[in-house]
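Enquirer: I would like to see how this sequence folds:
(one chain, ligands or ions: 1)
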Amino acid sequence: MSTLEDSAQRLRQLAAELGHLADRVESGDADRSEFDVLVAALLGTQHDRFGPRPRAARGEGAKARILGYLKARIGEEVHGEELRLVSGIQEWARRVRELRVEDGYEVAQIGRSTYRLESEVPDKARAQQWELANKTRRQPGNARDRIKAFLEANVGQMVTREQIDYVSRIAEGSRRVRELRDEEGWPINSHIDEQALEPGEYRLLSTDPADRRDPLQRLYPDDLRERIFERDAYTCQVCGRDREKAEKAGDTRFYLEVHHKVAIADELEALPLAERNEPANLVTLCHSDHLRETEKLQRGKRARRRSAQAD
Ligand SMILES: [Zn+2]
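Expert: Numbers count the residues shown, from 1 in each chain. I've put the predicted structure just below:
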């Protein structure tokens, strides 16, 4: 702990720096990070002089202060530094996690250290999902195994990128989700496939191997798929169903694929990009109609081959 003179000197120095900052604020040049530095220096001086905060001030009280602060700013971005100050504890990030996982508050994390409370009311189903995420996170195996387990436990439910990163224990867990989709054919919708989803939200539709996605869908870039789905109003152009209609009729496995009207599977990869990605050649189909259409095209091709051989 520092001597009284040290602390007093440090405070006077900070006072002078605060004075400079005040000038810069007045002239409109100051930015937020300058405040952060001075606030941190002030807290450091407090710590040097008085030591750590007494135990009694930790725990639930800090969590309640964080919640109160977030609730007063619903929908607004709040910097982690503010939460640290409000809570007065070093483990404030853990308390934010508890608000999510144990209490079901929808606290979004934006970037490294910015948070946003989305709604004043906690969501119990969400809390359960986070609880499950917490359990899955502690399972052995690699990141992909844990993501699989979490998605399988949430078939038909929306899960967030944040949850996926959390259970996978890696940043970029969403990249593993894309691999599951593109390499293993898991039918996982994102905001590209489904209007009800926001960016960073995913939904696994089925674990049945029969519902695996057409592996060639990976050939179409996301922006192209989105363009085609949007053009076709997210509606299968054969059966006329969209997700809402399919769900109402009890088909929860419904999802969309891009179908190439001209080329069939084994020709698609060889096709020049411009031809492959020509929107006029592409149409939105549901997965089951896509299977049927592909089968039809293949039968036609076999028949043509046979008649060519007969000539
Ligand atoms: Zn269909």
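Enquirer: Does anything pack onto the helix or strand Val39 falls within? Which helices or strands?
Expert: If you go by DSSP states H and E, Val39 is part of helix 32-50. Applying 3 or more CB pairs under 8 Å, 6 or more residues apart in numbering; DSSP states H and E, we find helix 32-50 packed against helix 4-26, helix 80-87. (C-beta placed from N, C-alpha, C; glycine too.)
Enquirer: change it to 7 Å
Expert: helix 4-26 (3 or more CB pairs under 7 Å, 6 or more residues apart in numbering; DSSP states H and E).
Enquirer: which parts of the helix it packs on are buried?
Expert: Neighbour-count burial for helix 4-26 flags Ser7, Arg10, Leu14, Leu21 (criterion: 16 or more other CB atoms under 10 Å).
Enquirer: got the angle between that helix and helix 32-50?
Expert: Orientation of helix 4-26 against helix 32-50 (axes from the mean of the first three to the mean of the last three CA atoms, to 10 degrees) gives an angle of 160 degrees.
Enquirer: ok, and the closest non-adjacent residue to the residue sitting nearest the centre point of the chain?
Expert: Geometric centre of the chain, nearest residue: Arg161, 2.3 Å, by CA atoms, centre = their mean. Distance criterion CB to CB, 6 or more residues apart in numbering; nearest residue to Arg161, sequence neighbours excluded, is Gly200 at 4.0 Å.
Enquirer: Would you mind confirming that that neighbour is in contact with Gln163?
Expert: No: using CB atoms under 7 Å as the test, Gly200 is too far from Gln163 to be in contact (10.0 Å).
Enquirer: Go through the buried residues of helix 4-26 and name the one nearest the ion.
Expert: Comparing the buried residues of helix 4-26 against the ion with CB to the ion picks out Leu21 as the nearest, at 62.9 Å.
Enquirer: how near is that closest one to Ser307?
Expert: Distance from Leu21 to Ser307, counting by CB to CB, to the nearest Å: 85 Å.
Enquirer: Please apply the same query to Gly75.
Expert: Taking CB to CB, one finds Gly75 at 65 Å from Ser307.
Enquirer: swap in Leu285?
Expert: 28 Å.
Enquirer: Name the residue in these two with the higher neighbour count.
Expert: Between Leu285 and Ser307, Leu285 has the larger neighbour count (other CB atoms under 10 Å), namely 23 against 9.
Enquirer: need the contact list for Leu151.
Expert: The contact partners of Leu151, by CB atoms under 7 Å, 6 or more residues apart in numbering, come to Val159, Leu204.
Enquirer: again, but for Ile228
Expert: Ile228 touches Val258, Pro279, Leu282, Thr284, counting by CB under 7 Å, 6+ apart.
Enquirer: Pro122 too?
Expert: Asp103, Gly104, Tyr105.
Enquirer: quick one: Arg116 and Glu77 touch, right?
Expert: Yes: contact criterion CB under 7 Å: Arg116 and Glu77 qualify, at 5.3 Å.
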